[in-house]
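Chemist: Output the structure for:
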Amino acid sequence: MHARNYRPVRGQAYTRKKFAKGFPPPKIVKFTMGDAQATFEYEVNLIALKQAQIRHSALEAARIATNRILNDELISEYFMRIRPYPHIILRENKMIFGAHADRLQQGMRRSFGSAIGTAARVKPSQILITVKVNENGIETAKKSLKRGSSKLPIPCNITVKEILPKKDPDKQQPEL
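Modeler: Here you go, the predicted structure:
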């Protein structure tokens, strides 16, 4: 089956792991990368423009592509977080095709399907990946998120938001 079969959001979310026997765990290794303790001036976000289901393998591919550029150019002067978690269990009723398949196939009889992976449901304007950087890393963060968005099945937008105002050395702090 192709991944496009699982992209549209249809029906209720299926998350009951109690009934799915032997479903694969999400492929996402880490949800946070970089320096978590540092304070940064800017936040660069990758925002979804359409509603869809994103498979766990696509989220992991986007994470690797984004983190590779950030790690090469900024070393450890960034913090990256993958925001959605793949809760939805994807099922597939596997059918056997080829010679003598008619003896083994059951068609739609007992077609609950076996678990083949997980996916995250995403709404329009939901943040997918957040990268926190200082002023010198904004362009690198944009470039890395553009590379990561090419791994996702939906169109995305990149926004830059200032978290901390720049410190002005001329202004003095009022004494308390």
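
Chemist: Going by C-alpha atoms from here, please, whenever you check contacts or count neighbours.
Modeler: Noted.

Chemist: What is the neighbour count of residue 95?
Modeler: 14 (other Cα atoms under 10 Å).

Chemist: biggest helix in the chain by residues?
Modeler: What stands out as the longest helix in the chain, according to DSSP state H, is helix 56-74.

Chemist: what's in contact with that one?
Modeler: Contact with helix 56-74 is made by 26-29, 33, 78, 80, 82, 86, 117-120, 137, 140-141, 144-145, 147-153, as judged by Cα atoms under 8 Å, 6 or more residues apart in numbering.

Chemist: what's the answer for stretch 21-28, then?
Modeler: For stretch 21-28, with Cα under 8 Å, 6+ apart as the criterion, the contacting residues are 17, 56-57, 59-60, 86, 89, 114-118.

Chemist: neighbour-wise, which of these leads?
Modeler: Counting by other Cα under 10 Å, top hit in these: residue 59 with 29 neighbours.

Chemist: What separation is there between it and residue 5?
Modeler: 17 Å (Cα to Cα, to the nearest Å).

Chemist: count of residues packed around residue 52?
Modeler: Using other Cα under 10 Å: residue 52 sits among 20 other residues.

Chemist: Quick check: it touching residue 8?
Modeler: Yes. The pair residue 52 and residue 8 qualifies as a contact (Cα atoms under 8 Å) at a distance of 5.3 Å.

Chemist: all strands for this structure, in order.
Modeler: Ranges of strands in the chain, per DSSP state E, are 32-34, 42-48, 52-55, 79-82, 88-92, 114-122, 127-133, 156-162.

Chemist: so which of these comes closest to residue 108?
Modeler: strand 88-92 (11.7 Å; Cα to Cα).

Chemist: Look up how far residue 131 lies from the residue lying closest to residue 145 once chain neighbours are set aside.
Modeler: Spatial nearest neighbour of residue 145, chain neighbours left out: residue 66 (5.6 Å); criterion: Cα to Cα, 6 or more residues apart in numbering. According to Cα to Cα, residue 66 and residue 131 sit 9 Å apart.

Chemist: Which of the two has more residues huddled nearby?
Modeler: residue 131 (28 against 25).

Chemist: pLDDT score for residue 20?
Modeler: Listed pLDDT for residue 20 reads 70.
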